[in-house]
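Participant: give me the fold of what follows.
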Amino acid sequence: MAEKIATREAYGKALAALADKYPDLVCFDADLAGATMTKFFKAACPERFFDMGIAEADMVGVAAGMSLCGFKPFVNTFAMFAAGRAWEQVRNSVAYPHLNVKIGATHAGISVGEDGATHQCCEDIALMRTIPGMVILNPCDHYEMQAAVRAAVEHKGPC
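Facilitator: Have a look, this model is predicted:
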């Protein structure tokens with residue numbers, strides 16, 4: 001029987017598993033490490049984990065700067081906030097200069113639960129697809145998520 005693991009858990013564990021292989025991998029989170037599951041990376045590499053608080057636009061800007069310094073930043077938040085709140089920074093500070101920043105957008109769609117409509121996002125993929133040079137990965141299960149994280153970290157450019 002196939003193992004069943006939530007895609008967000010597979011995401012966090014995949015990031016943590018790649019930490020030793022990629023010492024330039026850094027992880028930013030918008031005060032959601034327990035929800036985005038970046039807590040696994042934080043446990044593995046606390047010195048390379050940055051909780052940026054509820055400041056998604058600033059988080060993307062800092063990640064862009066870290067990318068220019070040779071790091072491979074992953075920024076993590078709910079899809080609504082990655083695609084909605086930080087869209088301009090993703091477009092202008094990451095994608096147009098083709099920086100090596102990865103965006104982990106969890107909790108997409110309408111199944112977020114008790115957080116309600118303000119945290120639900122059905123337009124995240126549509127918004128990100130309009131940005132030239134942006135690569136979209138949309139894994140369907142934990143196996144694809146593991147492969148997607150490896151592909152993202154090896155890809156040079158925004159993802």
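
Participant: just the strands in this structure please.
Facilitator: If DSSP state E is used as the criterion, the strands of the chain fall at 25-29, 49-51, 72-78, 102-106.

Participant: A148: which of these is closest?
Facilitator: Closest approach to A148 among the strands of the chain is made by strand 102-106 (9.8 Å; Cβ to Cβ). Placement of C-beta: from N, CA and C, glycine included.

Participant: which helices and strands does that closest one pack with?
Facilitator: helix 7-18, helix 33-36, strand 72-78 (3 or more Cβ pairs under 8 Å, 6 or more residues apart in numbering; DSSP states H and E).

Participant: one more time with 7 Å
Facilitator: helix 33-36, strand 72-78 (3 or more Cβ pairs under 7 Å, 6 or more residues apart in numbering; DSSP states H and E).

Participant: out of the ones you listed, which one sits most buried?
Facilitator: With neighbours defined as mean count of other Cβ atoms under 10 Å, the helices and strands packed on strand 102-106 peak in mean count at strand 72-78, which reaches a mean of 27.

Participant: list the buried residues in stretch 141-159.
Facilitator: H142, M145, Q146, A148, V149, A152, V153, G157, P158, C159 (16 or more other Cβ atoms under 10 Å).
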